[in-house]
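J.: sequence and predicted structure are below.
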Amino acid sequence: MSPDEYVIRSGRIVDIETANSRDVLSLQNWTGGNGSISLDETKYLAHLDELMAIGTASDDRAAGWLETWVENFLILLNRFTRKVWQPQSLLT
């Protein structure tokens, strides 16, 4: 790799956005509930300032906004229905 190519690649890496804290928290919650993943394998999630956003819905602002809105709506809906609605088994 030539020095010019190295400088260009380094510049691209610096321009990559850091990971969204909401995405990291979601991943932490998922890995915390998954017993097959060891704690050592998820320690990197504690270094939020070192994580990069490689591909997220924020790449497309409309899709990112819609995704956030739907997620917030489902969280709110879950809070109200959790106590009332319980899914029934398909076998009963």
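T.: All right, it came through fine. Numbering: from 1, shown residues only.
J.: the chain: helices as residue ranges?
T.: Along the chain, the segments classed as helices by DSSP state H run 3-15, 21-32, 61-81.
J.: how many other residues sit next to Asn20?
T.: 17 (other C-beta atoms under 10 Å). Placement of C-beta: from N, CA and C, glycine included.
J.: quick check: it vs Gly32, distance?
T.: Using C-beta to C-beta, to the nearest Å, one gets 18 Å for the distance from Asn20 to Gly32.
J.: among the helices of the chain, which is the most enclosed?
T.: Among these, helix 21-32 has the highest mean neighbour count (mean count of other C-beta atoms under 10 Å), at a mean of 13.
J.: okay, the helices of the chain in TSV with distance to Glu41 and mean pLDDT next?
T.: Converted to TSV, these look like this (distance: least, C-beta to C-beta, whole Å; pLDDT from 0 to 100):
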stretch	distance to Glu41	mean pLDDT
helix 3-15	24	80
helix 21-32	8	83
helix 61-81	25	78
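J.: what residue is smack in the middle of this protein?
T.: Asp23 (2.5 Å; C-alpha atoms, centre = their mean).
J.: and that residue, how far from Met1?
T.: 31 Å.
J.: repeat for Asn72
T.: Here Asn72 is placed at a distance of 44 Å from Met1 (C-beta to C-beta).
J.: same check, this time on Arg12
T.: 13 Å.
J.: ok, Asn78 next?
T.: From Asn78 to Met1 the distance is 50 Å (C-beta to C-beta).
J.: tally of neighbours for Gly33?
T.: 8.
J.: just read off the phi/psi values of it.
T.: When quoted as degrees, to the nearest 10, the phi and psi of Gly33 stand at phi -90, psi 0.
J.: contacting residues for it?
T.: By C-beta atoms under 8 Å, 6 or more residues apart in numbering, the contact list for Gly33 is empty.
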